[in-house]
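Chemist: A predicted structure for the sequence below; I have some questions about it.
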Amino acid sequence: MRTRRTWVDILGPVFGILAAALTVYALVYLLWIEPFYRGESYRAFSNERGGFFLGADWESREVTETVEGTFSKLEIKNIAGPIIVEGWSQDFVQVHYIKQARSSKYLEDFEIEIEPRGNLLSIRPLYRKIPGSPFGSVSFDLKIPSSVEEIRANNISGRIELADIGSGVDQVLETVSGRIETERSASLRAKSISGSIEFVSEGGRKLDISSTSGRVQGQILSLDPSGSVEIGTISGGVDLEAFSGLDAALKLQSVSGSISCDFPVQIMEQKRNKLEGIIGNGSVPFEVRTVSGAITLSQ
Amino acid sequence: MATKEEKIERARKIAMKKMDFIRHFLIYVVVMVVLAIINNTTWAGYQWWLWPALGWGIGIVAHFLSAFIYQGGSLEKRLVQRELEKMQDED
């Protein structure tokens, strides 16, 4: 007796063949048409700065430009790659960058915009919004004069490092993935989703530091008496060193971690993972919160 | 010799395997279409959605083979039969 085929018996093999075809196509596309490497053994190497890896087939271009003018504000944005800003004694800005992309054609298809707008110097990579749009990374290395009073750096995937910056420079530093390091700042707002934050602050009015996953380590050399300090992490400890004349209304809280404080505190509330009190006259609100990690405040 | 109940049970299992595969495949297609749309509307260059398509696709093909090609039982049956024959020879 001949059995009648059901729709499942017909569709099943058709679907099976379609799935196999898509799987083979994916395999060919991923390993041959757009592979992570093309025939040669994949080798990664880092440039002089370290930690910035390139595939064997990647093209790179190194450019150094100088921008004349007096700027009090610097705004720099990047998508992938580090941002390094250093102070220097010259009175112009030097922008040194290394563009990297999968091919020389891709390298041509994105540009670095360096745009002076009055007292503001704005720097960012510009990607064309076209189908098959190329993506490349940029490693920025800037030298800035002492006329700069405010620095805003925004990155997606890459670290932000500031060194040899003069005193009294307000900074806003944000990255999604990467560490933030600043050797000296006045007011500082630093945010990182995944990455540690290291800072030294001197005479700042406001310190607003937050990291989702990463340690915060900082030195507070002096604080404006009308200022405030707010530091928070989700996963990571907070290690702070402050000047001996600190005058703060202290609120340290950790959900699962210990708290230690070297300063003489007039205690209002103290638990294993919470400390509220006054140091000096308590003029500066000083709040540190972490979910998982210890908090240390030392002199 | 399998009883009628055993045959019905086996047929039911095979039918369920086939239906499971159809459902699995349809979910795979829907998810991949969504990923492909996200990929191509946000970034039309590299087709990253093919990575999940490849990994999951291997699973889908394996599911297809188990539901439609190797329907279970035939190899085990032959092995059991062979063992029984060996035992009879020893007796």
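Modeler: Perfect, I can see it now.
Chemist: in stretch B:28-36, what counts as buried?
Modeler: Residues of stretch B:28-36 classed as buried by neighbour count (16 or more other Cβ atoms under 10 Å in any protein chain shown): B:28-29, B:32, B:35. Heads up, the C-betas are built off the backbone N, CA and C, glycines and all.
Chemist: Filter those residues down to just the ones in helices.
Modeler: When these are checked against helices (DSSP state H), the matches are B:28-29, B:32, B:35.
Chemist: Now cross-check the residues you listed against chain A and list the overlap.
Modeler: When contact is defined as Cβ under 8 Å from any Cβ of the partner chain, those meet chain A at B:28, B:32.
Chemist: and the ones in helices among the buried residues of stretch B:28-36 as a markdown table, adding pLDDT?
Modeler: Below are those laid out as a markdown table (pLDDT from 0 to 100):
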| residue | pLDDT |
| --- | --- |
| B:28 | 94 |
| B:29 | 94 |
| B:32 | 93 |
| B:35 | 92 |
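Chemist: so which of the ones in helices among the buried residues of stretch B:28-36 comes closest to residue A:210?
Modeler: Nearest to residue A:210 among those: residue B:35, at 31.8 Å, using Cβ to Cβ.
Chemist: ok, how many other residues are close to residue A:280?
Modeler: Neighbours of residue A:280 under the rule other Cβ atoms under 10 Å in any protein chain shown: 16.
Chemist: Can you list phi and psi of the residue lying closest to it once chain neighbours are set aside for me?
Modeler: The shortest distance from residue A:280 to any non-neighbouring residue, by Cβ to Cβ, 6 or more residues apart in numbering or on different chains, is to residue A:247 (3.5 Å). When read as degrees, to the nearest 10, the backbone of residue A:247 gives phi -130, psi 90.
Chemist: close enough to count as contact, residue A:247 and residue A:286?
Modeler: No - with contact defined as Cβ atoms under 8 Å, residue A:247 does not count as touching residue A:286 (9.2 Å).
Chemist: what is in contact with the two at once?
Modeler: Shared contacts of residue A:247 and residue A:286, defined by Cβ atoms under 8 Å, 6 or more residues apart in numbering or on different chains, are found at residue A:279.
Chemist: Find the centremost residue of the chain, please.
Modeler: All of this is about chain A. residue A:175 (2.6 Å; Cα atoms, centre = their mean).
Chemist: oops, I was thinking of chain B
Modeler: Ranked by distance to the mean C-alpha position of chain B (Cα atoms, centre = their mean), the top residue is residue B:63 at 2.0 Å.
Chemist: Kindly confirm my reading that that one is in a helix.
Modeler: Yes - with DSSP: H, G, I helix; E, B strand; the rest coil as the criterion, residue B:63 is part of a helix.
Chemist: was I right about it contacting residue B:24?
Modeler: Yes - in terms of Cβ under 8 Å, residue B:63 counts as a neighbour of residue B:24; the distance is 5.6 Å.
Chemist: re earlier: OK, contacts around the residue nearest to the centre of chain A?
Modeler: Shown in contact with residue A:175 (Cβ under 8 Å, 6+ apart): A:153-160, A:191-193, A:195.
Chemist: closest to chain B among these?
Modeler: residue A:156 (13.3 Å; Cβ to the nearest Cβ).
Chemist: What is the burial count for residue A:236?
Modeler: Neighbours of residue A:236 using other Cβ under 10 Å come to 23.
Chemist: try the one 4 residues further on
Modeler: The local packing of residue A:240 (other Cβ under 10 Å) involves 23 other residues.
Chemist: tell me the pLDDT at it?
Modeler: On pLDDT, residue A:240 comes in at 94.
Chemist: now it: how far from residue B:18?
Modeler: Noted for residue A:240: a distance of 64 Å to residue B:18, by Cβ to Cβ, to the nearest Å.
Chemist: List the buried residues of stretch A:87-107.
Modeler: Neighbour-count burial for stretch A:87-107 flags A:87, A:93-95, A:97-102, A:106-107 (criterion: 16+ other Cβ under 10 Å).
Chemist: got the phi/psi numbers for the residue lying closest to residue A:65 once chain neighbours are set aside?
Modeler: Distances taken as Cβ to Cβ, 6+ apart place residue A:95 nearest to residue A:65, at 4.8 Å, with adjacent residues excluded. Main-chain torsions, residue A:95, degrees, to the nearest 10: phi -110, psi 110.
Chemist: likewise residue B:14?
Modeler: The phi/psi pair for residue B:14 (degrees, to the nearest 10) reads phi -60, psi -40.
Chemist: So what's the residue count around it?
Modeler: Neighbours around residue B:14, by other Cβ under 10 Å: 15.
Chemist: now the contacts of residue A:175: which count as buried?
Modeler: Among the contacts of residue A:175, those classed as buried by 16+ other Cβ under 10 Å are A:153-155, A:158-160, A:191-193, A:195.
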